[in-house]
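Take a look and give me a structure for this.
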Amino acid sequence: MTERFIKKYEAALATQKWINIDPLICETASVTFSDGTVHIGKSKIKAAFERNFSIIKSEKYSIENVHWLRKEEYFAVYLFKFSWTGIISGKEISGKGIGTSTIINENGQWKLLAEHLGQPPK
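Numbering: from 1, shown residues only. Predicted structure coming up:
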């Protein structure tokens with residue numbers, strides 16, 4: 001079930017539509033982008049994601065090399081590598097990094113509680 005969450009989250013991000021991401025995010029979630037900005041609460045996360053969607057066109061985002069630190073009945077924590085490509089101001093841009101996510105099982109559905117994205121190791 002937890003592995004399915006990652007695929008659903010990755011697919012939802014690929015649509016660049018908040019309506020597809022919304023059901024996968026806890027109301028009290030926190031997301032830290034690789035630029036260091038922190039977004040706490042679903043409404044602030046929504047605003048941050050929608051801002052990115054308006055800037056980055058045709059974005060492709062992928063999650064790979066998932067390493068599970070802990071899987072329990074109601075929570076799980078995993079590390080991963082991410083990469084993205086997209087078009088900003090007419091130019092193709094890409095990025096990559098590492099991430100840590102905590103997901104929780106709320107009423108039988110896995111949701112993102114915290115995600116921290118960072119720069120790749122040097």
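
So which residue of this protein lies furthest out from the middle?
The outermost residue of the chain relative to its centre, with distances by CA atoms, centre = their mean, is G90 at 24.3 Å.

Could you tell me how far that one is located from K122?
30 Å (CB to CB, to the nearest Å). The way it works is simple: take the backbone N, C-alpha and C, and place the C-beta from them, glycine included.

Ok, L13 next?
26 Å.

again, but for K8
32 Å.

what's the neighbour count on F82?
F82: 21 surrounding residues under other CB atoms under 10 Å.

What's opposite it in the beta bridge?
I63, G97 (DSSP bridges).

What are the boundaries of the strands in the protein?
Remark: strands assigned in the chain by DSSP state E are 25-32, 38-40, 57-71, 75-88, 91-106, 109-118.

Tell me which of these lies nearest to E50.
When the strands of the chain are compared by CB to CB, strand 38-40 sits nearest E50, at 11.2 Å.

what is the rounded mean pLDDT of the closest one?
With pLDDT averaged residue by residue, strand 38-40 scores 98.

Now G36. Its backbone dihedrals?
Backbone geometry at G36, expressed as degrees, to the nearest 10, gives phi 90, psi -10.

ok, so what distance separates it from R70?
From G36 across to R70, the span is 26 Å (CB to CB).

same question, S89
Applying CB to CB to S89 and R70 gives a distance of 41 Å.

same question, F5
Taken as CB to CB, the span from F5 to R70 is 14 Å.

Comparing the two, which residue is more hemmed in?
Under the criterion of other CB under 10 Å, the comparison of F5 against R70 puts F5 first, with 19 against 9.

Per-residue pLDDT of H116, please?
The model reports H116 with a pLDDT of 98.

I am finished for the moment; much appreciated.
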